[in-house]
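> Any chance you can model this:
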Amino acid sequence: MLLVFDLKRFEVAPLVILNAYRRFPNSILTVGTGIITGFTVVSLVTTVLWLLNGNKLVRKILGVIGIILGLSTAAYTGFLLSFSRGSPFWSTPFLPWTFVISGMLTGLAVSLFMIPIIAIFMPRAFKDFLALFEQRSKFSEMLGRLQRYVTVFILIELVLVIIEIITGHQTGILLTGSGISLAFYAYLLLGLIVPLGISYYIEKLKSGVNDRTIIMFSMSGYGLMLIGGFLLRYVILTAGQLIH
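Numbering: from 1, shown residues only. All right, here's what the predicted structure looks like:
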């Protein structure tokens, strides 16, 4: 729907969005539309079943399907760009993997970042979130354990970005003094390096600091990772359009 509005076609032909489902599976765009639609439907059904305490087996099956569709959704943008013609910057086999790892990292970050927000503003609808957040020691312990996964994802994404710069086409635009390079360096600093330092701090000192400190630093790191995820996509999309 947002794409249709962005193309200013909704006022002219409201049903033009249905074209996104045609030519399946011959077009990567229609494949991606089908994946995103399926992921959205599965996520919605899973959420409703969770809220209504539905059948656990069905929820597990939908969870597995959701994982597959979620990873496919994360990879889809990278595949779409890498198959695009006219932009050598996007023509790299590592681009889909970069989107997958970044999607997993930002997905984990937003999930954990939203726990206290949901617990505070929607406590009646999500009592489990409220109960988890109120048990500060249990919540901080969970955040401490998950920092290991965060660290692994950050390191993998950092390695992929370095490989992209070394093996990619015309990646010098990211390193020179242009406006897009500033966004790229901001992504590296805010989205990867600082969260990595926070993860290291929590992992090394979690036994000597209180629960509030761990929660505060963890939430700050997750917020920065979300900003970094946005900057990464901005940099990739903008640089690819500048280079022909």
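> For the helix or strand where Trp97 lies, name the packing helices and strands.
Using DSSP states H and E, Trp97 maps to helix 95-121. Packing partners of helix 95-121 (3 or more Cβ pairs under 8 Å, 6 or more residues apart in numbering; DSSP states H and E): helix 56-82, helix 127-134, helix 136-167, helix 211-242. Where you see a C-beta, it was placed from the backbone N, CA and C, and this is true even at glycine.
> what's the average pLDDT for the third one?
Per-residue pLDDT values across helix 136-167 average out to 88.
> Can you name every helix or strand that that helix contacts?
Contact here means 3+ Cβ pairs under 8 Å, 6+ apart; on that basis helix 136-167 packs against helix 95-121, helix 127-134, helix 194-205, helix 211-242.
> Include mean neighbour count and distance to Gly70 when you put those into a markdown table, please.
Shown next, in a markdown table, are those (neighbours: other Cβ atoms under 10 Å; distance: least, Cβ to Cβ, whole Å):
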| stretch | mean neighbour count | distance to Gly70 |
| --- | --- | --- |
| helix 95-121 | 19 | 7 |
| helix 127-134 | 15 | 20 |
| helix 194-205 | 17 | 21 |
| helix 211-242 | 19 | 15 |
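> Contacts for the one helix or strand Thr30 maps to, please.
Per DSSP H and E, Thr30 falls inside helix 28-51. By Cβ atoms under 8 Å, 6 or more residues apart in numbering, the residues outside helix 28-51 that reach it are 20-25, 54-55, 58-59, 62-63, 65-66, 69-70, 72-73, 76-77, 79-80, 83, 125.
> How is the chain partitioned into domains?
Per automatic domain parsing, the structural domains of the chain span 1-83, 90-244.
> thinking again about what came up before, which among the helices and strands packed on helix 136-167 is found nearest to Tyr149?
Nearest to Tyr149, of all the helices and strands packed on helix 136-167, is helix 95-121, at 6.8 Å by Cβ to Cβ.
> relative to helix 127-134, how tilted is the closest one?
Helix 95-121 and helix 127-134 are oriented at 90 degrees to each other (axes from the mean of the first three to the mean of the last three Cα atoms, to 10 degrees).
> how far does helix 95-121 sit from the chain's center?
Chain-centre distance of helix 95-121: 6 Å, with Cα atoms, centre = their mean, to the nearest Å.
> Also stretch 226-240?
Worked out by Cα atoms, centre = their mean, stretch 226-240 lies 11 Å from the chain centre.
> Just put the helices and strands packed on helix 95-121 in TSV and tack on distance to Tyr185.
Shown next, in TSV, are the helices and strands packed on helix 95-121 (distance: least, Cβ to Cβ, whole Å):
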stretch	distance to Tyr185
helix 56-82	22
helix 127-134	35
helix 136-167	12
helix 211-242	10
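> Go through the ones you listed and name the closest to Pro96.
In terms of Cβ to Cβ, the element of those nearest to Pro96 is helix 56-82, at 3.2 Å.
> Against which helices or strands is that closest one packed?
When contacts are defined as 3+ Cβ pairs under 8 Å, 6+ apart, helix 56-82 packs onto helix 28-51, helix 95-121, helix 211-242.
> Show me the one of the ones you listed that comes nearest Val12.
helix 28-51 (19.5 Å).
> For that closest one, the averaged confidence score.
Mean per-residue pLDDT for helix 28-51: 88.
> repeat for stretch 180-200
What stretch 180-200 shows for mean pLDDT is 92.
> first vs last residue of that stretch, how far apart are they?
Criterion Cα to Cα, to the nearest Å; first-to-last residue distance in stretch 180-200 is 29 Å.
> re the thing from before, pipe the helices and strands packed on helix 136-167 into TSV and attach distance to Leu146 per row.
Shown next, in TSV, are those (distance: least, Cβ to Cβ, whole Å):
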stretch	distance to Leu146
helix 95-121	7
helix 127-134	13
helix 194-205	9
helix 211-242	8
